[in-house]
Structure formats: C-alpha cells, structure tokens
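Engineer: Just a sequence and a predicted model for now, questions to come.
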Amino acid sequence: MNQCQEENKKNRSTKSSNSNQENPQSKKDELVTGIETSKNNQPESKELEPLLLNDQNAIPFLFEYQKNHSENKVRISTRFGDIDLELYQNTPYHRANFVFLTKQGYFNGSTFHRVVPGFIIQGGNSDRTETAEKRRKIGKYLLPPDTRKGNQHHRGVISMPSSEIENPHKLASPYEFFIVQQSPGAYHLDGSYTAFGKVIKGMDVVDKINQQQIDDREAPLTNIHMEVSILE
C-alpha cells in the first residue's frame, strides 16, 4: 500500500448512514415503560405501554437491562455464512444495547449496507420500510462513547459508528455497527469509536462480504441481508 492509499484509509469515516437521528437537545424527556422480563429472560412489551427510548432515558434503561441480561455471544447469519461474536463485558451499555436490539428482532432483515474494501463492513440499516418502522417503535437515541477500556480496533472487532448529526463528542448511532476487516487492524479508530466485541468465528464470511462489488456510495450492488440471534 502506497502512502497516498494509507492516508486515504486513515481519513475514512465510520459515520452512521441513519438520517433519522435528531439533535439530542431537541428531544422530549419521555419515560421507558412497558418492559417486563419473562421466565426465559426475553423482553416483552405491554401493548398499552409501548417502549420508547430517547437520549434522556436510554442510559438508565440500559443500565438496568445489562444487570438482568448477561448474554454476550451473538450470531449474524447471512447468505455467505455465519459470523459469531463475543461482546465485551467492559462496555456494558453497548453490549446491552446490541443484546436488546437483537432480542427485539431489530436487525432481522437489515443489511450490510456499506462495504469499504480492505477496511470495514457496516450493517444495521436498510432501505426497507420495516427497518424504519422498527426504529420508530424503539425510539431515537444516541450512545456516548466508551473508549477508555483499552479495547482496540483489531481485525475482527465490532464497533459502533458515530451519528451523522453535528457530533463533536462522537455519540454513536445505536442501530448500526461495523466490523473491522483490515489487517492487522484499524488502529486510527481507537479513541474515537467504541469497540465492544470481536468475531470468534466466521472471519472468512467477513472477508467474503468485504470482497463484494459496491457502487460509488460504498453500497453492495446486491443486498446482503442478515438475521441476528443470541447464542446461549
């Protein structure tokens, strides 16, 4: 890789492609309601009290959620195969957020919508109305970075992109994630984005996705859908 290519890679963004996020200062202070825990630790929503997260209540909710939901292994299933992930315990809010969205079925039907060859694959969004509807029902919120735990962006690490809004504090879009494909890692991202897990099986699948043809927006020419589940 020549110097020009290296500098270009270092300047690459990991911003979220979600255009539905709002400035946190404009949000109303709403309460999290309707969350119950069933016998098998699966969250259930009361029909008369819908769950709605925002920037004021998301962290208190995730603080309680992570205490009762200790799962830390998930599987991303694609037509290329499965990617198994282990989520770090030392990033509790990001782990809890990913587990919560998985149990809500949010990621199912979403896509790996951005591929940067030799760098990352990014997922959690799609142009389907179902994805936008799921976000509307869960709520609009951002997560603060958690970058002081020493977790680095090694090859195979899963991390969270920052929101597209004016965002000097690198607040993260909770609905999207990226997996580092670059070898040995994308260490210029350390300190700016929260690495919250790693691939424990299926890096060959990550590599296959990273090799797919893309358009000038870095979107795969053929949709790469996913299903995400908890590994017990």
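Structural biologist: That came through fine.
Engineer: Going by C-alpha atoms from here, please, whenever you check contacts or count neighbours.
Structural biologist: OK.
Engineer: The residue lying closest to Gly202 once chain neighbours are set aside sits in which helix or strand?
Structural biologist: Leaving aside its sequence neighbours, Gly202 sits nearest to Ile83 (CA to CA, 6 or more residues apart in numbering; 4.5 Å). Assigned by DSSP states H and E, Ile83 belongs to strand 81-87.
Engineer: Buried residues in that strand, which are they?
Structural biologist: By neighbour count, with 16 or more other CA atoms under 10 Å as the criterion, the buried positions of strand 81-87 are Asp82, Ile83, Asp84, Leu85, Glu86, Leu87.
Engineer: before we move on, what about stretch 210-223?
Structural biologist: Taking 16+ other CA under 10 Å as the criterion, stretch 210-223 shows Asn210, Ile214, Ala219, Pro220 as buried.
Engineer: how about these, which pair is most distant?
Structural biologist: Asn210 and Ala219 (10.8 Å; CA to CA).
Engineer: Show the model's pLDDT score for Ser16.
Structural biologist: The model reports Ser16 with a pLDDT of 71.
Engineer: Now, the buried residues of stretch 210-223 that are in strands?
Structural biologist: The subset of the buried residues of stretch 210-223 located in strands under the criterion DSSP state E is empty.
Engineer: which of the residues you listed lies closest to Lys170?
Structural biologist: Ala219 (23.0 Å).
Engineer: for the spatially most central residue of the chain, what are its contacts?
Structural biologist: Nearest to the geometric centre of the chain sits Phe177, at 2.8 Å (CA atoms, centre = their mean). By CA atoms under 8 Å, 6 or more residues apart in numbering, the contact list for Phe177 reads Gln122, Gly123, Gly124, Ile158, Ser159, Met160, Pro161.
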